[in-house]
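Undergrad: Fold the following.
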Amino acid sequence: MKITITDYQENWPVLFAEEKKKINSTLSFLNPVIVHIGSTSVPGLCAKPIIDIQVGLKNADDLDRTIEPMQQHYTYVKMYEPDWPERRYFCRYESETGGVIPSLIDVNDVPSVKQGLRSLTHIHIFVKGTDDWIRHIAFRDYLTAHPNERDAYCLLKKELSKSEYENMIAYNDAKNDFVKNVQQRAVGWYRGDVD
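TA: Next comes the predicted model:
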């Protein structure tokens, strides 16, 4: 599989705002905090053209209360939940083959169930203020404030996109060391531990 990396697009914040409005309406009963994260949230950073959104809730008991309402608009990707039980994960897909877009990709589904689906939006739901919540925001803010780190990340992604990958997990693994290193610095910077 080839990974498509595009230069920063000025419409990414607009696409986020449209999704935020939909999510806010869908989950209004939980009073969520909804923020743009990931590479498309960093001005000037190249990225896969997928809008990453983080939704913060007050407590863990509310995580499962998001599933049924969110499935009205998004696919519930339960597949990764055993490895990351603190997150509820949803995607907005587009079918590249005209096939049906599932409302659920379950734990025992094989990864090939996602073949023919192109991701447009990834939605990560966490409890607000947890380490996962902070890590994503710190990474975004750190790259925004440190253009040299942002540009190094873009260069890495463009270089990696020249290779073929078995799946998206393999691509993420290829950039994992860089991301983890920057995230560690970003969290310290965000919390005021380092400059």
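Undergrad: Where does the prediction get shaky in this protein?
TA: 111-112, 194-195 (pLDDT under 70).
Undergrad: Could you measure from the residue positioned nearest the centre of it over to G129?
TA: For the chain, D52 is the residue whose C-alpha lies nearest the centre (CA atoms, centre = their mean; 3.6 Å). Shown here: D52 relative to G129, a distance of 19 Å by CB to CB, to the nearest Å. All C-beta atoms are positioned from the backbone trio N, CA, C, and that covers glycine.
Undergrad: now do T4
TA: From T4 to G129 the distance is 34 Å (CB to CB).
Undergrad: which stretches of the protein form strands?
TA: 33-37, 51-57, 75-77, 88-95, 104-105, 117-127 (DSSP state E).
Undergrad: Can you convert those strands into a markdown table and add a column each for distance to K22?
TA: Below are the strands of the chain laid out as a markdown table (distance: least, CB to CB, whole Å):
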| stretch | distance to K22 |
| --- | --- |
| strand 33-37 | 10 |
| strand 51-57 | 10 |
| strand 75-77 | 14 |
| strand 88-95 | 9 |
| strand 104-105 | 19 |
| strand 117-127 | 10 |
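Undergrad: so which of these comes closest to Y142?
TA: Closest to Y142 of these, according to CB to CB: strand 33-37, at 12.0 Å.
Undergrad: And the closest one, what's buried?
TA: Buried residues in strand 33-37, counted by 16 or more other CB atoms under 10 Å: 34-37.
Undergrad: same deal with stretch 100-115?
TA: For stretch 100-115, by 16+ other CB under 10 Å, it's 102, 105, 114.
Undergrad: shouldn't the first one be in contact with Y74?
TA: This points to P102. No - counting by CB atoms under 8 Å, P102 does not reach Y74; the two are 10.7 Å apart.
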